[in-house]
Structure formats: structure tokens, C-alpha cells
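Engineer: kindly generate the corresponding structure for this input.
(2 chains)
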Amino acid sequence: GAGVSQTPSNKVTEKGKYVELRCDPISGHTALYWYRQSLGQGPEFLIYFQGTGAADDSGLPNDRFFAVRPEGSVSTLKIQRTERGDSAVYLCASSLWGTTGDTQYFGPGTRLTVL
Amino acid sequence: QKEVEQNSGPLSVPEGAIASLNCTYSDRGSQSFFWYRQYSGKSPELIMSIYSNGDKEDGRFTAQLNKASQYVSLLIRDSQPSDSATYLCAVNSERTYKYIFGTGTRLKVLA
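Structural biologist: Down below sits the predicted model:
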């Protein structure tokens, strides 16, 4: 079956602009995670959805970052007033239940470059 | 102190040797432990998961967990050049359900 998909694969924007990154999880997976990965670092947790609700958004760096999952499937990560420091690969992952030990499957990522 | 620590490497081993990758974690409430492999420019893919103390083997890979020492390792036997990648350790706690990743260890298998 289809894996996790993310669009766009690459996004170049100018400082101060607004961007939206989309994640389409594996069908039937209730849990969805967003991570940010900078060069030479491991994925950094941003937010975790269980169904439609954000169960844990403690990793969002500030109020410029926001994510939604209105129907419990596709999720959108929104970044307002982008800054050069937001440049990174944004990874989405999904898992069946989101319980401890549940396997996460990662999408290919969106590479965001803020000029 | 970082929550999950790994030596960034690179760790270089000759083809056919055993590669040993290590990870320590700080949260004693951690219950699930994962090793991911990430090739350059690609997303992480799951290699092994381990939940109980001891060893877990899957093909050429063995994960080892010691909760008392807060230590988890990955052994790769008969290393191949295709194993050259960054190996990420991830830890999950029942309290938060979020996964904390280490910075990864870059492995280079020399032909």
C-alpha cells in the first residue's frame, strides 16, 4: 500500500513569507507526527496528533508554527513570517495507534529553504 | 544533558566486520527503543525495535537493551558497504508518546 507522502518535496521561500507543508499519512493510521531535521542532527519532535486533536504540541518552537489535522487524516504544518533559521527538512510520520512502541513510518520530507 | 546521546562518528569499519553503535538515554521512564537507518538525503527507516532488557536479533542486526544502565546498542554483523548510513537511536516514553531521537552515528563500511 501507499506510504506516507509529503508535498511539496522542496519549498523555497523568502524571509517573512507564509508556508504550508502537507502530510498524507498511511491510510488508517490514527497517529501523526511532525519533526524538523537540520543538517547533522536527528529529527526534532514538533507535534503529535491522535486523530484530529493535537495530543502534544510541546515541540513547536514558537507561535509562528501551527499544525492542523481537521479530518484525522491529512495534516498541514503552517509557518508564518518565516525566518532563515526555519530552513530544515520537515518530516512527517504516522503510526497505527500512537501507543508506546508503535512503529512510526516516515514520509520523504519537505526541504524548506528560507532565503 | 541531552535526552538521547549518540557518538556522531564517523565510525569506520572494514567490510565483513562487526559494527557496534551505542546510545544512552536520560529518562528512566523510557519504555520503547528504536534504531533507524537514514541514508543521505532520505528519510529514516526502521531497523529494529526493542522493549525488554537483553538482546533481540533480526538477521545481521542485534539490538541490546540495558535499562539499569540506560543504554541501548545496535550490532551489525558482516557489515556491507550498503550499510553505510547514519543510524538514529529513538526513545519513547509511555508518559508522553513522543519519540526523542539522538543526533545519529554516521557509519562508514570500507570495501
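
Engineer: what does chain A have sitting close to chain B?
Structural biologist: By C-beta under 8 Å from any C-beta of the partner chain, the part of chain A that sits against chain B consists of A:31, A:33, A:35, A:40-45, A:48, A:50, A:55-56, A:58-59, A:91, A:98-101, A:103-109. Any C-beta I mention is one placed from the backbone N, CA and C, and that applies to glycine too.

Engineer: which among the residues you listed count as buried?
Structural biologist: Listed as buried from those are A:31, A:33, A:35, A:41-45, A:48, A:50, A:56, A:59, A:91, A:98, A:104-109; burial here means 16 or more other C-beta atoms under 10 Å in any protein chain shown.

Engineer: taking these one by one, which sit in strands?
Structural biologist: Taking DSSP state E, the ones among these that sit in strands are A:Ala31, A:Tyr33, A:Tyr35, A:Glu44, A:Phe45, A:Tyr48, A:Gln50, A:Asp56, A:Leu91, A:Tyr105, A:Phe106.

Engineer: could you work out the most separated pair of these?
Structural biologist: A:Glu44 and A:Gln50 (19.8 Å; C-beta to C-beta).

Engineer: and A:Ile79, what does it touch?
Structural biologist: Going by C-beta atoms under 8 Å, 6 or more residues apart in numbering or on different chains, A:Ile79 touches A:Tyr18, A:Val19, A:Glu20, A:Leu21, A:Arg64, A:Phe65, A:Phe66, A:Asp86, A:Leu112.

Engineer: kindly report the same for A:Ser9.
Structural biologist: Neighbours of A:Ser9 in contact, by C-beta under 8 Å, 6+ apart: A:Pro108, A:Gly109, A:Thr110, A:Arg111.

Engineer: would you check which pair of those residues lies furthest apart?
Structural biologist: Counting by C-beta to C-beta, the most remote pair of the contacts of A:Ser9 is A:Pro108 and A:Arg111, 9.7 Å apart.

Engineer: burial measure for A:Gln37, as a count.
Structural biologist: A:Gln37 has 22 neighbours, counted by other C-beta atoms under 10 Å in any protein chain shown.

Engineer: so it sits against A:Leu91, correct?
Structural biologist: Yes: A:Gln37 is in contact with A:Leu91 according to C-beta atoms under 8 Å; the separation is 5.8 Å.

Engineer: spit out the residues that contact these two alike.
Structural biologist: With C-beta under 8 Å, 6+ apart, A:Gln37 and A:Leu91 have common neighbours A:Pro43, A:Gly109.

Engineer: strands of chain B, start to end?
Structural biologist: Using DSSP E, the strands of chain B run over residues B:4-5, B:11-14, B:19-25, B:30-38, B:45-50, B:54-58, B:61-66, B:71-76, B:85-93, B:99-101, B:105-110.

Engineer: hang on, the earlier thing: next, format the ones in strands among the buried ones among the residues of chain A next to chain B as TSV and append distance to A:Gln80 and pLDDT.
Structural biologist: Listed next are those as TSV, based on distance: C-beta to C-beta, whole Å; pLDDT from 0 to 100:
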residue	distance to A:Gln80	pLDDT
A:Ala31	26	93
A:Tyr33	21	95
A:Tyr35	19	97
A:Glu44	19	95
A:Phe45	20	94
A:Tyr48	21	93
A:Gln50	25	91
A:Asp56	21	89
A:Leu91	20	98
A:Tyr105	29	93
A:Phe106	25	95
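
Engineer: which one of those residues sits closest to chain B?
Structural biologist: Ranked by distance to chain B (C-beta to the nearest C-beta), these are led by A:Phe106 at 4.1 Å.
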